[in-house]
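**Student:** Need a 3D model of the sequence below.
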Amino acid sequence: MTSRTLLSLVGLFVALLIASSSIFVVKETERAIMLRFGEVVQFDIKPGLHFKIPFVNTVRKFDARVLTLDARPQRYLTMEKKGLIVDSFVKWRIKNVADYYTATSGIENTAAKLLASRVDTGLRNQFGERTLTEVVSGERDELMNELREELNMVVIADMGIEVVDVRVKRIDLPQEVSQSVYDRMRTEREREARELRSEGKEKAEGIRADADRQRTVIMANAYREAELIRGDGDAVAAATYAESYNEDPEFYSFYRSLDAYRKTFGNGGDIMLVEPDSEFFKYLGQSQAK
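**Tutor:** As a prediction, the model looks like this:
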């Protein structure tokens, strides 16, 4: 191999090295900046194929996907100064590459530590503004949304990152607080049960009173109708008796006497002490005479 050939090969190698050092690719899941001797000269390079000056420019790439910060469980105090052990996590991503690089030097662990500190402060403030019942039961989603908004007001400007979501995985109560919460919840449930039983008893009494009233009205109406029917029957009977009496008074008197005998002696074994010439035996005496 001649010296000329060797020089040609060396030149080709250097050319390939320079060419490869001049080209870089930014993926869709990445964000990048370009530095010249340590000073940023181009921010937020878009995904695709790009060129740089070899040995002069350097490129820093960062993960642009949503990342997770899984914080350590921390103890926070509620408005009543009761302790809670809270386990939470945060979803975040880079929003402004220049601010992110300035605040963290592009080191993800540094960004995670800074964000964890701000999340801890935010959670401490949010829990301190709420009661234990509000935190445990009804306002957790509201608390998380408020915390996310408060964090973004700070970290977007200071760190160039955006908090996508904040979630509480678990809230544990210290033993003394757990017993206190249990006792209070039991008292509330017992009070609600008493109120429900009282309402049920009141409704039952109302239903019973209404049923009694309806029964009284129905019986009164039935009694009135029965009396009307009885009155009509008595009137018809009286009219019939009067008509019979007018047509044949003697027969009517005889018929009524027979009816009286039947009612008086119908059961047998009855004893009556009356005079033989009593008006009651008028027709019996006439029958014997005949």
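**Student:** Now residue 81. Its backbone dihedrals?
**Tutor:** Main-chain torsions, residue 81, degrees, to the nearest 10: phi 70, psi 30.
**Student:** mind listing what residue 51 touches?
**Tutor:** 22-24 (CB atoms under 8 Å, 6 or more residues apart in numbering). Yep, even glycine has a C-beta here, placed from its N, CA and C like the rest.
**Student:** and what of residue 35?
**Tutor:** Contacts of residue 35 by CB under 8 Å, 6+ apart are 41, 57-60.
**Student:** Which one of these is nearest to residue 165?
**Tutor:** residue 60 (26.7 Å; CB to CB).
**Student:** what's the spacing between that closest one and residue 107?
**Tutor:** 10 Å (CB to CB, to the nearest Å).
**Student:** residue ranges of the strands in the stretch 101-250 of the chain, please?
**Tutor:** For the stretch 101-250 of the chain, the strands defined by DSSP state E, counting those that start in this stretch occupy 161-172.
**Student:** Sketch out the low-pLDDT regions of it for me.
**Tutor:** Within the stretch 101-250 of the chain, the ranges that satisfy pLDDT under 70 run 137-139, 174-181, 241-242, 244-250.
**Student:** for it, what spans make up the helices?
**Tutor:** 108-128, 132-133, 140-159, 175-247, 249-265 (DSSP state H, counting those that start in this stretch).
**Student:** With residue 169 as the reference, name the closest of the ones you listed.
**Tutor:** helix 140-159 (11.3 Å).
**Student:** Pull out the buried residues from the closest one.
**Tutor:** Neighbour counts using 16 or more other CB atoms under 10 Å place 143-144, 146-148, 150-152, 155, 159 of helix 140-159 among the buried residues.
**Student:** With stretch 40-56 instead?
**Tutor:** 42, 45, 50, 52.
**Student:** Which single one of those residues is nearest to residue 204?
**Tutor:** For the buried residues of stretch 40-56, the nearest to residue 204 is residue 45 (77.1 Å; CB to CB).
**Student:** how's the chain carved up into domains?
**Tutor:** Here the domain parsing of the chain from automatic domain parsing is 10-63, 67-173, 248-289.
**Student:** For these, could you give me TSV that also reports distance to residue 207?
**Tutor:** Listed next are the domains of the chain as TSV, based on distance: least, CB to CB, whole Å:
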stretch	distance to residue 207
domain 10-63	69
domain 67-173	35
domain 248-289	48
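**Student:** Out of these, indicate the one that is most buried.
**Tutor:** Mean neighbour count (mean count of other CB atoms under 10 Å) peaks for domain 67-173 among the domains of the chain, with a mean of 16.
**Student:** Kindly check the end-to-end length of it for me.
**Tutor:** 29 Å (CA to CA, to the nearest Å).
**Student:** quick one: it to chain centroid distance?
**Tutor:** Offset of domain 67-173 from its chain centre (CA atoms, centre = their mean, to the nearest Å): 26 Å.
**Student:** my guess is residue 67 meets residue 92, correct?
**Tutor:** Yes. Here residue 67 lies in contact with residue 92, judged by CB atoms under 8 Å, at a distance of 5.8 Å.
**Student:** so which of the buried residues of stretch 40-56 comes closest to residue 127?
**Tutor:** Among those, and counting by CB to CB, the member closest to residue 127 is residue 45, at 41.1 Å.
**Student:** Could you tell me whether residue 65 really is in a helix?
**Tutor:** No. Looking at residue 65 with DSSP: H, G, I helix; E, B strand; the rest coil, it is coil, so not inside a helix.
**Student:** What separation do you get for the residue nearest to it when sequence neighbours are not counted and residue 154?
**Tutor:** Counting by CB to CB, 6 or more residues apart in numbering, residue 65 lies nearest to residue 29, which is 5.3 Å off, once chain neighbours are set aside. Residue 29 is 26 Å from residue 154, where distance means CB to CB.
**Student:** Cheers, nothing more for now.
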